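> need a structure here:
(one chain, ligands or ions: 1)
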Amino acid sequence: MDASHVDQDLVNVLFTEKQIQDRLAELAREVERDYADQDLLIVGILRGAVMVMADLARSLERHVEMDWMAISSYGSGTKSSGVVRILKDLDTDITGRHVLIVDEIIDTGLTLSWLTSNLSSREPASVEILTLLRKPEALQMPVEVKYVGWDIPNEFVVGYGLDYRERYRNLRDIGTLAPHVYS
Ligand code: PRP
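I've put the predicted structure just below:
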């Protein structure tokens, strides 16, 4: 879906489809360089990371394995507690593997902080994070991120996998949601 179909719902388009593709291509070159001669498993965090995974993986000019996890906070409004549970675990044994977690956004940092320590306990060769977006002002937990597409202000963004009540994920661009939509 193009932003023109929901332009009443958006304050602005933060990143166009083209800008996202170009930035992911830059990150892919960094990943290729950093993992040269190493086997690599990229792990997408459902559901928001589907678009980033699909485009990053296709941009990588090398072999890469892909796996997925689904994670949920306990109940509603408990994201800030940092307590999460695994809804779908990896199918892959990551012992001795180089793992790159791929997500579309880091907000408070609680999810990926927890996930990094969970995966690290499985004795992989390495665990790193790639995120398309990060909100430095929202961070509650320090998370070491190897690859960041862009740091953005602490605003409600949708599109390219990011949802508001399960809508807008299929928007090609990333936009700031207008307050009248969620207030
Ligand atoms: C998003 C995103 C991260 C998490 C980041 O997922 O994909 O996993 O939130 O937030 P945090 O830094 O505050 O922990 P979300 O829970 O919205 O699920 P979804 O991917 O299914 O939309």
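
> With just CA atoms, put the helix or strand that contains residue 22 into CSV.
Assigned by DSSP states H and E, residue 22 belongs to helix 17-34. Provided in CSV are the C-alpha atoms of helix 17-34 (Å, rounded to 0.1, in the frame of the first residue of the first chain):
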residue,chain,number,x,y,z
GLU,A,17,10.3,2.9,0.3
LYS,A,18,13.4,3.9,-1.8
GLN,A,19,15.2,5.4,1.3
ILE,A,20,14.5,2.2,3.2
GLN,A,21,15.8,0.0,0.4
ASP,A,22,18.9,2.2,0.0
ARG,A,23,19.7,2.1,3.7
LEU,A,24,19.2,-1.6,4.0
ALA,A,25,21.6,-2.1,1.1
GLU,A,26,24.2,0.0,3.0
LEU,A,27,23.7,-2.2,6.0
ALA,A,28,23.9,-5.3,3.9
ARG,A,29,27.3,-4.2,2.7
GLU,A,30,28.4,-3.8,6.3
VAL,A,31,27.1,-7.2,7.3
GLU,A,32,28.9,-8.8,4.3
ARG,A,33,32.1,-7.2,5.3
ASP,A,34,31.8,-8.0,9.0
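
> Which positions within that helix qualify as buried?
Neighbour counts over helix 17-34 (16 or more other Cβ atoms under 10 Å) mark 17, 20, 24, 27, 28, 31 as buried. C-beta: built from backbone N, CA, C; applies to glycine.

> Ok, stretch 119-126 next?
Quick answer for stretch 119-126 (16+ other Cβ under 10 Å): 119, 124, 126.

> CSV please, covering these and showing secondary structure.
As requested, the buried residues of stretch 119-126 are exported to CSV (DSSP: H, G, I helix; E, B strand; the rest coil):
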residue, secondary structure
119, helix
124, coil
126, strand
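
> could those residues be laid out in TSV, adding pLDDT and distance to the ligand?
Shown next, in TSV, are the buried residues of stretch 119-126 (pLDDT from 0 to 100; distance: Cβ to the nearest ligand atom, whole Å):
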residue	pLDDT	distance to the ligand
119	98	14
124	98	19
126	98	20
